[in-house]
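Novice: Here is my input; please provide its structure:
(3 chains)
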Amino acid sequence: MMTSCFRTTTPSRYTNPFATCWTRPGAIPFQFAADDSAAHCLARLAASNWRGAIVGPHGSGKSTLLEALRPGLVDAGWNVAVIALRDGQRRLPAGWLRSSLAADRPLIVLDGYEQLSRASRLALRWRCHRAAAGLLVTAHSPVDLQTIYCSGSSLQLSCAIVSRLTARIASPISAADVAASHARCGSNLRELLFELYARHEAMARGAVVESVRL
Amino acid sequence: MKQDPQVMLKLDSAAAEYGAGDRLSGHFLAESAAPWPVASAELSLLWYTAGQGEEDFAVHYFQRFVDEPGRPLDLRLPQRFAAALPPSPLSYDGQIVKVCWCVRLRVFPQQGPEVVEEAAFRLGQVPAAPGDA
Amino acid sequence: MAQRLRLFVKKRGQRRTGSRRLGTLAIAAIDLLLVALGAAGLYWLLARVLLAGGEPPGWIAWSALVIPIAPIGYGLADLAVLIWRNLASSERRAAVVQMASDWELPGISPQPDRPALPAVPPIDEVVDSPGVRLLYRLPSDAASGQMSLALAAVAVIWNSLVVGFAIEVVRQHMVGPPNWLLTWLLVPFVIAGAWTIYALVRQILLTSGTGATLLEIAEHPLYPGQRYEAFLSQTGRLHVRWLQVQLVCEERATYQQGTDTRVAMAVVHRQTVMNERKFEIPPGGAFETHFTVNVPPTAMHSFTAAHNAVSWMLVVRGRMARWPEFERRFPLYVYPTPAVREAAAGGTERHRVEQGRR
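Specialist: Okay, the predicted model is just below:
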């Protein structure tokens, strides 16, 4: 009868490279695809008269991309006003839009565009048009603005992020594991990283048991 | 080219495994050929969580070393510390919740950014949690 | 990281989108402005109103001092917190907070029976509940009761609104040309209202049909490697297909990112401690049995923090004839072994945050 064996490593944040301390927003800079960059995104936004949307599912890095684009927007001479809508927030705060549009050459950055009601979205676009203001939003699906970037995890991107994480902390996770998780999670990078966390844990525990059998 | 001093933090126990109530002791120092002016250093004995949740942490022991006019703080000399360990929480290597203990040292030089060093240790003998039950 | 000061910047979570130093200076400037405005208001109120001469003002007039004093107090307090946050490391701040929690206020006696076990949840809700057959009655997880209450609230509110609209529609049909658009729009709302009533009745029948579950235990808290006598009493319908009690250890981790909150759970220990199949519960009576709970010697003690927890519980699961499966959870508390606690208590230092001196 095989006796169970337990890991004896001292627990620490360095035992799993996919722990939330390593994957939380800001811990990983936004990873563009090989042929894309912040400059290309801004060029697409400029080509659509500085009105556009970043589209992607939950956990795909939309907010992180907004932060990556901000310096370029400021360098282009825009006064950037940013707001993020919380769940259930169907309208912009009273007076916020008016004060933001009063600035010289304003550009509105709205995280959570589709949470606005249809009427609020129409009003927002109309007022930005009247003020000659730019508008950059995030949404989970295509909206009534030009999509300038579809955030989401390609397999290549997922592998690049995993490589970055496992460069510091070793992991038995293989490229095949990443591919399998990507097939299940699709573009939800956050869920992919949570899944890889669980897989790393299972493999780390299984590896110890396997060595006991030998 | 001037090299930054290397800060070393070491526990007296090579195995870094302790029981509740044991006395944890160690020392830290900076390996530097030239004098390294330091404003202060802070040593904490703390636990934190890691895994799939937000990090929680609590400090069990805190000691501050300050550079004073009559007592300069020279980290090239070993600085000793010691503390008794509490009964809980014990170190725990769970599936999605890990309870981790460490000694954390923050050195605040007179010039330049702060330097942080950690030395992990295990409190108690709770084995790692198995796979999904 | 951006270095220039940017107006109208919304900080997202813990990430900083602008210069930390400039942001801190801006907050300090606002605090100083509040203090200055409060001081100016206080001077004006005292010099021009309250102490200006003539009839002495009443207490109501003096109470107006609250208005200028409030921004002074707020500004000074915020400034002090700002300075503290920027001068002290996170460990030093946590150490001071923990020292403050150890202080005993005059007139409030400490609780000597509460063991000094950091991050271990207290067992008050168990030890304050005496049992009939054994020493303690375990409180159940209130989930099913909360579900019934929630369904009742939804059913009442929703159907009240639907009834109001329905009355209006019926009135229009009776007195004049009916509004068919409103009539047809009402149909899905009526269907939804009927479903809430069905769900509520089902939940009530489920709760009452399966009867009450009582669990008692001889000792508390529990310790790794020990055995404990437990008692189960289950009322309900006549025929039971199966009934079991499991000792379960569950990890729980909460992660918040923006507006999303993700709660992960993992069961790391599950052990059946009582299992009965195909038996009858006498009408008006109850199924009663004693059983033993063995806490594994390698068990992690109960642990609780703001976002993470390790919890132990007894889970009663069963199935009555013609009723769906039910599950009820009874929290347990596993403490570090007594040897661990004695060793810690015998140490030269009581557990508190120490301030060492070089």
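Novice: can you give me the offset of stretch B:116-133 from its chain's centre?
Specialist: Here stretch B:116-133 shows a centroid-to-chain-centroid distance of 16 Å under the convention C-alpha atoms, centre = their mean, to the nearest Å.
Novice: That one near chain A anywhere?
Specialist: Yes. Stretch B:116-133 reaches chain A (C-beta under 8 Å from any C-beta of the partner chain) through B:120, B:121, B:122, B:127, B:128, B:130, B:131. For the C-beta atoms, the positions are set from N, CA and C on the backbone; glycine is no exception.
Novice: What's the mean pLDDT across the stretch of helix or strand residue C:279 belongs to?
Specialist: Element membership of residue C:279 [criterion: DSSP states H and E] is strand C:260-280. Averaged over strand C:260-280, pLDDT sits at 91.
Novice: Just name whatever secondary elements it is in contact with.
Specialist: Under the contact definition 3 or more C-beta pairs under 8 Å, 6 or more residues apart in numbering or on different chains; DSSP states H and E, strand C:260-280 sits against strand C:227-234, strand C:239-257, strand C:287-294.
Novice: Just want the angle from the longest one to strand C:287-294.
Specialist: Spelled out, it's strand C:239-257. Angle, strand C:239-257 to strand C:287-294, by axes from the mean of the first three to the mean of the last three C-alpha atoms, to 10 degrees: 50 degrees.
Novice: Distance from stretch C:77-93 to the middle of the chain?
Specialist: Chain-centre distance of stretch C:77-93: 28 Å, with C-alpha atoms, centre = their mean.
Novice: before we move on, the earlier item: buried residues, the strand holding residue C:279. List them.
Specialist: C:262, C:264, C:266, C:268, C:269, C:273, C:274, C:276 (16 or more other C-beta atoms under 10 Å in any protein chain shown).
Novice: Export it to PDB, keeping only CA atoms.
Specialist: C-alpha atoms of strand C:260-280 as PDB (Å, rounded to 0.1, in the frame of the first residue of the first chain):
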ATOM      1  CA  ASP C 260     -15.200  41.800 -10.400                       C
ATOM      2  CA  THR C 261     -15.000  39.700  -7.300                       C
ATOM      3  CA  ARG C 262     -13.900  36.200  -7.700                       C
ATOM      4  CA  VAL C 263     -14.300  33.600  -4.900                       C
ATOM      5  CA  ALA C 264     -12.400  30.400  -5.200                       C
ATOM      6  CA  MET C 265     -13.100  27.300  -3.100                       C
ATOM      7  CA  ALA C 266     -11.200  24.100  -2.800                       C
ATOM      8  CA  VAL C 267     -12.100  21.100  -0.700                       C
ATOM      9  CA  VAL C 268      -8.900  19.600   0.700                       C
ATOM     10  CA  HIS C 269     -10.400  17.000   3.000                       C
ATOM     11  CA  ARG C 270     -13.600  15.000   2.800                       C
ATOM     12  CA  GLN C 271     -14.300  12.100   5.100                       C
ATOM     13  CA  THR C 272     -17.600  10.300   5.600                       C
ATOM     14  CA  VAL C 273     -18.100   9.800   9.400                       C
ATOM     15  CA  MET C 274     -21.700   8.600   9.300                       C
ATOM     16  CA  ASN C 275     -23.700   6.800   6.600                       C
ATOM     17  CA  GLU C 276     -27.100   5.200   6.800                       C
ATOM     18  CA  ARG C 277     -29.300   3.900   4.000                       C
ATOM     19  CA  LYS C 278     -33.000   3.100   3.600                       C
ATOM     20  CA  PHE C 279     -34.600   3.600   6.900                       C
ATOM     21  CA  GLU C 280     -37.900   5.000   8.200                       C
END
